[in-house]
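Undergrad: sequence plus predicted model, see below.
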Amino acid sequence: MELNDANLQTLTEFLQKTLDPDPSVRRPAEKFLESVEGNQNYPILLLTLLEKSQDNVIRVCAAVTFKNYIKRNWRIVEDEPNKISEPDRTAIKANIVNLMLSSPEQIQKQLSDAISIIGREDFPQKWPDLLREMVNRFQSGDFHIINGVLRTAHSLFKRYRHEFKSNELWIEIKLVLDTFAKPLTELFKATIELCQTHSTDVNALKVLFSSLTLISKLFYSLNFQDLPEFFEDNMDTWMANFHSLLNLDNKLLQTDDEEEAGLLELLKSQICDNAALYAQKYDEEFQPYLPQFVTAIWNLLVTTGQEVKYDLLVSNAIQFLASVCERPHYKHLFEDQNTLTSICEKVIVPNMEFRSADEEAFEDNSEEYIRRDLEGSDIDTRRRAACDLVRGLCKFFEGPVTGIFSGYVNSMLGEYAKNPGVNWKHKDAAIYLVTSLASKAQTQKHGITQANELVNLTEFFVNHILTDLKSPNVNEFPVLKADAIKYVMIFRSQLPKEQLLQAVPLLVAHLQTESTVQHTYAAHALERLFTMRGPNNSTLISPTEIAPFTEQLLNNLFKALALPGSSENEYIMKAIMRSFSLLQEAIVPYIPTLIGQLTHKLLLVSKNPSKPHFNHYLFESLCLSIRITCKANSATVGSFEEALFPVFTEILQNDVQEFVPYVFQPVLWERTGNIPPLVRLLQAYLQKGGSTIATSAADKIPGLLGVFQKLIASKANDHQGFYLLNSIIEHMPPESITQYRKQIFILLFQRLQSSKTTKFIKSFLVFINLYCVKYGAIALQEIFDNIQPKMFGMVLEKIVIPDVQKISGQVEKKICAVGITKILTECPAMMDTEYTKLWSPLLQALIGLFELPEDDSIPDDEHFIDIEDTPGYQTAFSQLAFAGKKEHDPIGDAVSNPKILLAQSLHKLSTACPGRVPSMLSTSLNAEALQFLQGYLQAASVQLV
């Protein structure tokens, strides 16, 4: 694509169309942009547009498109073509920093993100001057530019907070510190001075406080992995200024907005985080500063209001106290009973209250409420922080803290009992307090796994939880009902089974409640109960125990999907899946009705898929319906095909990207997520109709082999190529692929030479042994030696003998054992040519495969590629647990015990050439292997002659 006005005009028109709400206009435009993005100069055209276009909407659209293009294409994936040309890469890196710093904020943010994506891949090796270029801009004095640099640096460095320690990481951080730490510290001091100079200029203060917040975030990232020497030497500067900023209260920066945190709150929140980091990780160096920070943060907590805008600040401040109180170093600060009472009374209890903002979220923003409360994304909520502080205090002061809170819990429950209609929030806080006190250790899978022995959970359940669950009006006090359901869910491993069974029908009834939070919690609680394991690894709750409520359970779950706000509720769909899985054949009578509802739901969501988890559980539920019903009655396969195939066809025809990987055009193979299901589909065709393909569709065989060739070239997908190749060898008539065999082996050798990974070698070993089982040992030896003389011996010596120990999996081991046995006993060249010297080492390797543990070592220089590691957004393949493929054994009953087969085959060989086998064994097999072999011969009741 040339850099000219015509192309800029065309690009403008198509970008305009991508904003059109009408899919018939929008989709073709998106497809066009996708089709041209591989052309050289495409990204440069986008950057030119976002710099020079007169239309602001187009500039922003070009910026977003550019960022997404970088996200999808910048990473260079091994074995795949480079999607951005080198001249374009160089031009982008040469211009993007300048462009970002001179753009308006909306565009600056997009370009800053793009720089951090490029930086993640190229910095520091391929972009060594990035930092220097950024640091030089600190001298500009223009805070629009400085904040652009700080924002970009933050998005580049924040990954240091969660990277694993490694040499590469240390080298990078050292380089960053050497270039960045001193200028950042100077900028920090200068900005604080400017804040004093401009303390009455509200506009200047807003910009300066944005800078201070970004500087504080950078401080956190650069100090996260270890305490850098520079920051240790300058701790006085940083801590003194952080402390004075915590105490600062400039009226000009206070906001009237009760919801949105202001600049002052954001800065103080980050400083609390920084102080907590030092208190936790560098407590010795931080000790001199700690008391003043504890005092400042305590004052913050007791003087800050209940408004939502202070939530992040308060939760970070409480988290600071939580991190301090559980360190043995600081235990003395909290030992006094009055201090503990004061913390409980002034910090913990007030921040556990259910506020009107929480009530609003519960009623009007249920999805966000559930995400925070159930999924643990409540990391920034006051309640969560208060709960963590309770746990921290209980580490050293469990007795006193439990005593103090027991009093609060009783008085709150007393208040509730006086007037439930008015005082229900007191009971909510009491339940939350009990939960905080009782929870010591928790996992997603089992709920609370370790509880405070001073809290009687069963008694509390009977007296205060069961009453709410049993209340005849399920829609009354929805918050308390949701609390009660959550209590059952999180303490499920602590409560006796009879109480859980008592809860099940009550939870089923709550699936019909009006409150989205309430019926979602009921579905989630049932799903968690149904996964619990009993003594002998069967489910704790059996299908028989659920039998009385099966119909109501299924009815209510499906009806719940029709409730407002829950048409794509992933918790309900997951509960449907889990109920099917638990009930098994008990669901068969209901399937004719349910399958219609599931396919109808599938059709609806395929129009606009937006909830990936919901979609996944929907497919799992469909798989279970098919698996359970067809197992009970194989004649029902036809009716499932009738119900599902029209929907699947529509999904494929409309190219619903999110769903194609589930249901199974060369484009299909370009999407990584499609590869596993497509390979599996081709394997199914080969298994069912290999001979039909050979006779009626022989022209398709080169296409099949083309797919194999594409997959085998990729380190990420080579195993899928072998799955396909093994199916071709196993199911296609031998004569149909004779002409292609040599080329197949040549491709495999080319890949072995260019990139030999452990995964490839394991797959290669299984393949050559399957080939040997199918076509015979002589055919295997001949095909190798036809490619290159003596190659058969090289493969045995360099690959089979040293690496067969790496084979894992019962079927794979069996294929290799039978194949090697055939090479040893049915290949004349092994007995009377120069290959004979390999006979004993090969037998020794086979006995090792039988008797030695698997060799799972991987060479140091081999970094495994994650099979799902796809750059940018692609619909990844999601394996459906309930669509599992039975492990297929191509040898089947023909060989039940490979060790017996080896003994029988050696006996047969020794009768054909008497005396040879025993003498080869006695001269070159080690004693241990000989002993094992004697055992096989005895078990087979044969001997060698």
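TA: Happy to help now that I have it. Residues are numbered from 1 along each chain as shown.

Undergrad: do you have the strands of this structure handy? List them.
TA: 439-443, 447-451 (DSSP state E).

Undergrad: for the stretch 801-945 of the chain, what are the low-confidence residue spans?
TA: Scanning the stretch 801-945 of the chain for pLDDT under 70 picks out 856-879, 883-886.

Undergrad: what average pLDDT does the lengthiest helix in the chain get?
TA: Secondary structure of the chain per DSSP state H: the longest helix is helix 382-418. Regarding helix 382-418, the rounded mean pLDDT is 90.

Undergrad: what is that helix packed up against?
TA: Counting contacts by 3 or more C-beta pairs under 8 Å, 6 or more residues apart in numbering; DSSP states H and E, helix 382-418 packs against helix 311-325, helix 337-343, helix 349-352, helix 420-438, strand 439-443. Quick note: C-beta positions are derived from backbone N, CA and C, even for glycine.

Undergrad: Throw these into JSON lines and include mean neighbour count and distance to Ser199, thanks.
TA: JSON lines is the format used below for the helices and strands packed on helix 382-418 (neighbours: other C-beta atoms under 10 Å; distance: least, C-beta to C-beta, whole Å):
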{"stretch": "helix 311-325", "mean neighbour count": "25", "distance to Ser199": "21"}
{"stretch": "helix 337-343", "mean neighbour count": "14", "distance to Ser199": "34"}
{"stretch": "helix 349-352", "mean neighbour count": "20", "distance to Ser199": "32"}
{"stretch": "helix 420-438", "mean neighbour count": "20", "distance to Ser199": "41"}
{"stretch": "strand 439-443", "mean neighbour count": "15", "distance to Ser199": "46"}
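
Undergrad: which one, of these, ends up nearest to Met920?
TA: strand 439-443 (56.7 Å; C-beta to C-beta).

Undergrad: for the closest one, what is the average pLDDT?
TA: Mean pLDDT, strand 439-443: 62.

Undergrad: picking up where we left off before, least confident of the helices and strands packed on helix 382-418, on average?
TA: Minimum mean pLDDT among the helices and strands packed on helix 382-418: strand 439-443, a mean of 62.

Undergrad: buried ones in stretch 203-220?
TA: 204-205, 207-220 (16 or more other C-beta atoms under 10 Å).

Undergrad: what's it in contact with?
TA: Stretch 203-220 is touched from outside by 143-144, 146-147, 150-151, 153-154, 157-158, 161, 184, 187-188, 191-192, 194-195, 198-199, 231, 238, 242, 245, 250, 252-253, 263-264, 266-267, 270-271, 273-274, 277, with contacts defined as C-beta atoms under 8 Å, 6 or more residues apart in numbering.

Undergrad: now it, how far from the chain's geometric center?
TA: Distance of stretch 203-220 from its chain centroid, counting by C-alpha atoms, centre = their mean, to the nearest Å, is 33 Å.

Undergrad: kindly report the same for stretch 53-60.
TA: That offset, for stretch 53-60, works out to 36 Å (C-alpha atoms, centre = their mean).

Undergrad: stretch 578-593 now?
TA: That offset, for stretch 578-593, works out to 30 Å (C-alpha atoms, centre = their mean).

Undergrad: and stretch 829-847, by the same measure?
TA: Distance, centroid of stretch 829-847 to centroid of chain: 47 Å (C-alpha atoms, centre = their mean).

Undergrad: likewise stretch 37-46?
TA: 32 Å.

Undergrad: now do the same end-to-end measure for it.
TA: 10 Å (C-alpha to C-alpha, to the nearest Å).

Undergrad: tell me which residues in that stretch are buried?
TA: For stretch 37-46, by 16+ other C-beta under 10 Å, it's 37, 41-46.

Undergrad: CSV for these, including pLDDT and distance to Ser922?
TA: Below are these laid out as CSV (pLDDT from 0 to 100; distance: C-beta to C-beta, whole Å):
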residue, pLDDT, distance to Ser922
Glu37, 91, 68
Asn41, 94, 73
Tyr42, 95, 71
Pro43, 96, 71
Ile44, 96, 74
Leu45, 95, 77
Leu46, 95, 75
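
Undergrad: check those and tell me the two furthest apart.
TA: Most distant of those, by C-beta to C-beta, are Glu37 and Ile44, 12.1 Å apart.

Undergrad: now do the helices in the stretch 651-800 of the chain.
TA: 660-663, 675-696, 701-712, 718-731, 738-754, 758-775, 777-787, 791-795 (DSSP state H, counting those that start in this stretch).

Undergrad: which among those is found nearest to Ala509?
TA: That would be helix 660-663 among the helices of the stretch 651-800 of the chain, by C-beta to C-beta, at 33.2 Å.

Undergrad: rounded mean pLDDT for that closest one, please.
TA: Looking at helix 660-663 alone, the average pLDDT works out to 58.

Undergrad: what do you get for stretch 303-310?
TA: Across stretch 303-310, the average pLDDT comes to 88.

Undergrad: again with stretch 774-783
TA: Mean pLDDT, stretch 774-783: 95.

Undergrad: if you count neighbours, what's buried in that stretch?
TA: Along stretch 774-783, these residues count as buried under the neighbour rule (16+ other C-beta under 10 Å): 774-775, 777, 780-781, 783.

Undergrad: what about Asn726, neighbour count?
TA: Asn726: 21 surrounding residues under other C-beta atoms under 10 Å.

Undergrad: an error on my part: the question was meant for Glu105.
TA: 11.

Undergrad: got the contact list for it?
TA: His144.

Undergrad: against Val60, how distant is it?
TA: Distance of Glu105 to Val60, given as C-beta to C-beta, to the nearest Å: 11 Å.

Undergrad: could you do Tyr408 as well?
TA: Separation of Tyr408 from Val60 (C-beta to C-beta): 52 Å.

Undergrad: check Asn234 too.
TA: Asn234 is 40 Å from Val60, where distance means C-beta to C-beta.

Undergrad: between those two, which one's more packed in?
TA: Per other C-beta under 10 Å, whichever of Asn234 and Val60 has more neighbours is Val60, with 19 against 16.

Undergrad: pLDDT score for the more buried one?
TA: On the pLDDT scale, Val60 is placed at 95.
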